[in-house]
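K.L.:
Please find the sequence and the predicted model below.
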Amino acid sequence: MIGKLFRRAQPGPAGPARNILIASEGRPISDAVIALAVDMLDEGGKVTVLTAARLWGTSFGLPNPGLRPSKAEMDVQKENMFSALDSLEQAGIEADGHIVTTRHPSKSIQKQVAQRGCDTIIMGADAQKPWFLRATMWSQEPYRVSSRVAIPVHLVGPGNIEGNAPDLPGTAGRKRPTTARARI
């Protein structure tokens, strides 16, 4: 249990991929994430876009419809997904998209990877926080995903260590995105 808190993801290969999952825990999918997916996709490969809408909890241990995402929250996730699908279509890549409602996006992403046979995941990510804060922050889901799955997870965003993704706007000269892979 304690070892899981301190487990660090290992760099994975950044080669071409046949089945890419672009995942989001609810944040908009950036152009840098799309660009990395386009660059990494092998000829004839496919892309799936998955975004998570937050399920807020339970009421006395029972599911409660009032805790489900509101229509406005679902509309934001639809916009995130359709925006990413439009960007991929403009790049000439056929893709499909899904929205899941969940309390634990990392578990839902792991399930989709197993169902679809994905060979890499690309996610936007904030800077990594200390281990004692990570477990409580929704924005740290990309790091939980990278520790749960056994395939390469490419995290794109400011504050990550050197990697292979393009610079985000306004981040020239900063540390670059990372490629992560969980230890088994």
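P.N.:
That came in fine, so what should we check first?
K.L.:
All the strands of the chain, in order from the start?
P.N.:
With DSSP state E as the criterion, the chain has strands at 17-24, 41-54, 95-102, 120-124, 153-156, 178-180.
K.L.:
in this protein, which spans are helices?
P.N.:
2-6, 31-40, 71-90, 105-116, 131-134, 141-148 (DSSP state H).
K.L.:
okay, these, which one's buried deepest?
P.N.:
Most buried of the helices of the chain, by mean neighbour count (mean count of other CB atoms under 10 Å): helix 141-148, with a mean of 23. Where you see a C-beta, it was placed from the backbone N, CA and C, and this is true even at glycine.
K.L.:
angle of it against helix 105-116?
P.N.:
In terms of direction (axes from the mean of the first three to the mean of the last three CA atoms, to 10 degrees), helix 141-148 departs from helix 105-116 by 50 degrees.
K.L.:
Below-threshold pLDDT in the protein: ranges please.
P.N.:
For the chain, applying pLDDT under 70 flags the ranges 1-15, 58-59, 63, 159-184.
K.L.:
Mind doing that once more with 50?
P.N.:
Applying pLDDT under 50 to the chain flags residues 1-11, 160-184.
K.L.:
Report the beta-bridge partners for residue 22.
P.N.:
For residue 22, the beta-bridge partners are residue 49, residue 122 (DSSP bridges).
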